[in-house]
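Engineer: Build me a model:
(chains A and B)
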Amino acid sequence: MSTVVETHDHGHHGPAKGLTRWLFTTNHKDIGTLYLWFSCLMLFIGGSMAMVIRAELFQPGLQIVEPEFFNQMTTNHGLIMVFGVIMPAFVGLANWMLPMQIGAPDMALPRLNNLSFWLLPMAFGILISTLFMPEGGPNFGWTFYAPLSTTYAPSTVNFFIFSVHIMGISSILGSINIITTIFNMRAPGMTLMKMPLFVWSWLITAYLLIAVMPVLAGVVTMMLMDINFGTSFFNAGGGGDPVLFQHVFWFFGHPEVYIMILPAFGIASHIIETFSRKPIFGYTSMVYAMSSIAILSFVVWAHHMFTVGMPLAGELFFMYSTMLIAIPTGVKVFNWIATMYRGSITFETPMLFAIAFVALFTIGGFSGLMLAIVPADFQYHDTYFVVAHFHYVLVPGALFGIIAGVYYWLPKWTGNMYDETLGQLHFWLTFFSVNITFFPMHFVGLAGMPRRYPDYALQFADFNMIISVGAFLFGITQLLLVFIVIKSIRAGKKAKPEVWEGAGELGLEWTLESPAPYHTFTVQPQVK
Amino acid sequence: MSEQAYYVPESSKLPFAMALTLLVFIIGAANTVIDMGTESNSYLVLLLSFAMMWTTMFFWFSTVIKENHAGLNNPMLKNSYIYGMAWFIFSEVMFFFAFFFALAYVRNFAVPWLGGEGEKGIANMLWPGFEATWPVMITPDQAIQGTEFLGPGEEMSLGTTYANKGLAGVLGWLPLWNTIFLLTSSVTVHIAHLGLKNGNRRQFNIYLGLTLVLGYLFVGFQALEYYEAYAHMGLTLGTGIYGTTFFMLTGFHGFHVCLGAIILTIMWIRGLKGHFTADDHFGFEAGSWYWHFVDVVWVCLVAFVYVM
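Structural biologist: Next up, the predicted model:
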């Protein structure tokens, strides 16, 4: 009821009216909402590009688009999904939940928070606009290897380079804000080892982001100089090396893939403990596992480039270090299972997504182990097996984590329960279509179908048709998610403060009313 | 925790203005590099974005300073600024790391392999006649009579300077003087800080002023070094991997020295206007952290670019 009272308080504690509320806001909940809707919009833009790709690959031969445009679609699909969907969605969840989970009034640096968000529409507006320029957009794959992205790139690559700079600035500023908030703004009594696991996962993620986003800025700066100012970083004629590009890119790129999964680990941990009605098994080992994953992520980068021609010692080092990551990841998976063991489990939509996350992410993890084996990777490299692997960790991994988190916290945000029947329908449609889409990619990949081509040999035709059907089903199903979210914003059964049975014990966010008031914890709670 | 609530501004136009500024920046910068060498005014958009950036930053920082003077910042908020600056510097460290990484890679792997040494020396089959040396004075392209990448005429290292001109050459070696300037300025900025903490404003003003003089001397000497390289030594960005790594590493460092000097100049002016107290001067302290950071980067540059 206090929200009703506060709106009469000369609007001083409530949000501003109209568009300026969203343009000029400094409120972590508003900014979280902006991030989440932005990533939702980008999901459908990037998803449409995937639909173009799958429509072209429905049958062998060239049917719908020119190969040149197909390349632009694969490139922009990847860039948008990585930088425009997964990362902003996690930052949106962090914005909403971190201050509420640690008992802070807001994020530590609220104006910087607004800047971090509004840089993203600028960067992606420019990136997407390149598709409509005469030379077309980036067409060199989301990993933009030199010299394809330097010597042989369309001139719009310059727009791409500066867009990446701005995305990087956004991520760095956002991460500085998150680390500062976590270190400085915790409620009295909340020691580091009492922090909720989602907070821990974001602390580690933000550290990784600050460490590697500047390296990405460095590598695109080297590209810019090679293209426009005659330097020879990636040109052997001048004494440089195109392979240098791959080393620097993947030094960023490998921690980046953990950036896209660690917050999902945190979300899954909360959901599994809530719906198993047991505290998480092995909290301390969860923290240490995430930390070891983060540290190891800096010394495995070259497993993306085993076929590039590295010395044998390098191949062996990166193979073994990559395999080491299976240990902390295994710790996490077994802890989730142990949490569920003998719990009194109920299967609400967030729990379904969280369990599917554990099972399907593990499949992606195992195919990653297969790819880590150097001699085997010589066969798998740049095939659909790789596409299957990273889509398993990013779609039923990261994206399921995000969707699970949205269902889990939605009643806290809107004050209304979502429609459980529709939620269950959404889950099962998503679960089946995601596997129809990505599982057969393992088969065509092992049989030798290369990635990033608009055409393929006839023996891959049947599986590709199945994959395309699954992809379209998956795409359409996600419209249901938007419908469910909007329905919950507009109306629905009123949610209690603790929302989920017994959740009140599990975190400070569940001690707040639903919907959470516009400003929370202006007086910090005491944590025992 | 203190009784005073953590200050959360209700709303602000500044961040959105900054985001718009960077939108103009992308458009201006990308069009400028695309139109290079043609008749075009696109650089005016880039200049506009710089003007917008300075304006926005001016209003942003003055807002923050006014808030602090109005007593809105409780100890916890001041701590947030400290954490923010520390992690920002960490991100800068990682930016430089990328370029040092590139230098280490080309020196230890790429160039020896191109010259036929080591496990991947087969690369030399494409560049017969190229010999791996550092600095690379004759590029692989040049070794096969190509003309795209011609090597530099001279290079900047301490060893070569000593070999060619002896001790007198070393004494006239600009990086030596720049090292002296920058290391001394790190000491003077610390003395200025001590003065501020002890309430000795005179010491603060003088030593910070001295720091600025040393900082601008550094920038001037580096400009002179670049002029020498371009005008007399045949060493440019386009002279293969040596020119590339030399100018990119020292150039980004020089750019950061300029930023640090601008920050400290503003702090000096603020000090003259009576800002800062003995226990509340994080604006200056952040600037001095930044200054120590560019100093450390310079030491690494001297070691890896000029000496080794």
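Engineer: Would you mind checking which helix or strand in chain B has the lowest mean pLDDT?
Structural biologist: The helix or strand of chain B with the lowest confidence, counting by mean pLDDT, DSSP states H and E, is helix B:158-171 at a mean of 92.
Engineer: helices or strands next to it in the packing?
Structural biologist: Taking 3 or more CB pairs under 8 Å, 6 or more residues apart in numbering or on different chains; DSSP states H and E as the contact definition, helix B:158-171 has no neighbouring helices or strands. Placement of C-beta: from N, CA and C, glycine included.
Engineer: so what's residue B:203 closest to, chain neighbours aside?
Structural biologist: residue B:195 (3.0 Å; CB to CB, 6 or more residues apart in numbering or on different chains).
Engineer: what about the one you found, distance to residue B:211?
Structural biologist: 12 Å (CB to CB, to the nearest Å).
Engineer: Also residue B:72?
Structural biologist: According to CB to CB, residue B:72 stands 30 Å off from residue B:211.
Engineer: When these two are compared, which one has more neighbours?
Structural biologist: Neighbours were counted for residue B:72 and for residue B:211 using other CB atoms under 10 Å in any protein chain shown; residue B:211 has more, 28 against 16.
Engineer: so the more buried one sits right up against residue B:188, yeah?
Structural biologist: Yes. Here residue B:211 lies in contact with residue B:188, judged by CB atoms under 8 Å, at a distance of 4.5 Å.
Engineer: Can you get me a residue count around residue 231?
Structural biologist: Defaulting to chain A. A count of nearby residues for residue A:231, using other CB under 10 Å, gives 27.
Engineer: that's the wrong chain, I wanted chain B
Structural biologist: Neighbour tally, residue B:231, other CB under 10 Å: 9.
Engineer: Do you know the pLDDT at it?
Structural biologist: For residue B:231, the pLDDT comes out at 96.
Engineer: Tell me who's in contact with residue A:179.
Structural biologist: By CB atoms under 8 Å, 6 or more residues apart in numbering or on different chains, residue A:179 lies in contact with A:203, A:206, A:207, A:210, B:83, B:87.
Engineer: change it to 10 Å
Structural biologist: Shown in contact with residue A:179 (CB atoms under 10 Å, 6 or more residues apart in numbering or on different chains): A:108, A:202-207, A:209-210, B:83-84, B:86-87, B:90.
Engineer: ok, back up a step: just the element for the residue nearest to residue B:203, please.
Structural biologist: helix B:174-197 (DSSP states H and E).
Engineer: And the helix or strand just after that helix, what does it pack against?
Structural biologist: As assigned by DSSP H and E, the chain's next helix or strand after helix B:174-197 is helix B:201-231. Secondary-structure packing of helix B:201-231 (3 or more CB pairs under 10 Å, 6 or more residues apart in numbering or on different chains; DSSP states H and E): helix B:174-197, helix B:240-272, helix B:282-301.
Engineer: joint contacts of residue B:211 and residue B:188?
Structural biologist: Common neighbours of residue B:211 and residue B:188 (CB under 10 Å, 6+ apart) are residue B:291.
Engineer: Around the closest residue to residue B:33 other than its chain neighbours, count how many other residues there are.
Structural biologist: Distances taken as CB to CB, 6+ apart put residue A:228 closest to residue B:33, at 4.6 Å, once the chain neighbours are dropped. Here the number of neighbours of residue A:228 (other CB under 10 Å) works out to 18.
Engineer: For the stretch 1-150 of chain A, which segments count as helices?
Structural biologist: A:2-7, A:19-24, A:28-56, A:67-79, A:87-102, A:110-129 (DSSP state H, counting those that start in this stretch).
Engineer: got JSON lines for those helices, with mean pLDDT too?
Structural biologist: Shown next, in JSON lines, are those (pLDDT from 0 to 100):
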{"stretch": "helix A:2-7", "mean pLDDT": "36"}
{"stretch": "helix A:19-24", "mean pLDDT": "94"}
{"stretch": "helix A:28-56", "mean pLDDT": "98"}
{"stretch": "helix A:67-79", "mean pLDDT": "97"}
{"stretch": "helix A:87-102", "mean pLDDT": "97"}
{"stretch": "helix A:110-129", "mean pLDDT": "98"}
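Engineer: sorry, back to before: okay if I get the helices and strands packed on helix B:201-231 as a markdown table plus mean pLDDT and mean neighbour count?
Structural biologist: Formatted as a markdown table, the helices and strands packed on helix B:201-231 follow (pLDDT from 0 to 100; neighbours: other CB atoms under 10 Å in any protein chain shown):
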| stretch | mean pLDDT | mean neighbour count |
| --- | --- | --- |
| helix B:174-197 | 97 | 19 |
| helix B:240-272 | 97 | 21 |
| helix B:282-301 | 97 | 20 |
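Engineer: With residue A:132 as the reference, name the closest of those.
Structural biologist: Among the helices and strands packed on helix B:201-231, helix B:240-272 comes nearest to residue A:132, with 33.0 Å by CB to CB.
Engineer: Just give me how far that closest one sits from the chain centre.
Structural biologist: Relative to the chain's own centre, helix B:240-272 is displaced by 4 Å; criterion: CA atoms, centre = their mean, to the nearest Å.
Engineer: Repeat that for stretch A:413-430.
Structural biologist: 21 Å.
Engineer: cool, stretch B:277-287 as well?
Structural biologist: Distance of stretch B:277-287 from its chain centroid, counting by CA atoms, centre = their mean, is 22 Å.
Engineer: Tell me if it is near chain A.
Structural biologist: No. Contact of stretch B:277-287 with chain A (CB under 10 Å from any CB of the partner chain) is absent, the minimum separation being 12.9 Å.
Engineer: hey, C-alpha coordinates of that stretch in PDB?
Structural biologist: Extracted C-alpha coordinates of stretch B:277-287, given in PDB (Å, rounded to 0.1, in the frame of the first residue of the first chain):
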ATOM      1  CA  THR B 277      40.200  20.400   2.000                       C
ATOM      2  CA  ALA B 278      42.700  18.400   3.900                       C
ATOM      3  CA  ASP B 279      40.400  15.400   4.200                       C
ATOM      4  CA  ASP B 280      38.100  15.900   1.100                       C
ATOM      5  CA  HIS B 281      40.000  16.100  -2.200                       C
ATOM      6  CA  PHE B 282      39.200  13.000  -4.100                       C
ATOM      7  CA  GLY B 283      39.000  14.800  -7.400                       C
ATOM      8  CA  PHE B 284      42.700  15.700  -7.100                       C
ATOM      9  CA  GLU B 285      43.600  12.300  -5.600                       C
ATOM     10  CA  ALA B 286      42.000  10.500  -8.600                       C
ATOM     11  CA  GLY B 287      43.900  12.700 -11.000                       C
END
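Engineer: returning to what we had before: what's the angle between the least confident helix or strand of chain B and helix B:174-197?
Structural biologist: 70 degrees (axes from the mean of the first three to the mean of the last three CA atoms, to 10 degrees).
Engineer: Contacts for helix B:158-171, please.
Structural biologist: Contacts for helix B:158-171 (CB under 10 Å, 6+ apart): B:135, B:137, B:154-155, B:157, B:172-177, B:302, B:306-308.
Engineer: Report the contact partners of the closest residue to chain B within the stretch 301-450 of chain A.
Structural biologist: Nearest to chain B in the stretch 301-450 of chain A, going by CB to the nearest CB, is residue A:311, at a distance of 4.3 Å. With contact taken as CB under 10 Å, 6+ apart, residue A:311 is in contact with A:317, B:109, B:113, B:118, B:119, B:120.
Engineer: ok, it to residue B:122 distance?
Structural biologist: 12 Å.
Engineer: Need the phi and psi values for residue A:494.
Structural biologist: With angles defined as degrees, to the nearest 10, residue A:494 sits at phi -70, psi 140.
Engineer: Next, count neighbours for whatever residue of the stretch 1-150 of chain B ends up closest to chain A.
Structural biologist: With CB to the nearest CB as the measure, residue B:98 is the residue of the stretch 1-150 of chain B nearest to chain A, at 2.9 Å. The burial count assigned to residue B:98 is 21, neighbours taken as other CB under 10 Å.
Engineer: Now it: which helix or strand?
Structural biologist: helix B:75-105.
Engineer: If I take that helix and helix B:282-301, what angle do their directions form?
Structural biologist: If you take the same axes, to 10 degrees, helix B:75-105 sits at 10 degrees to helix B:282-301.
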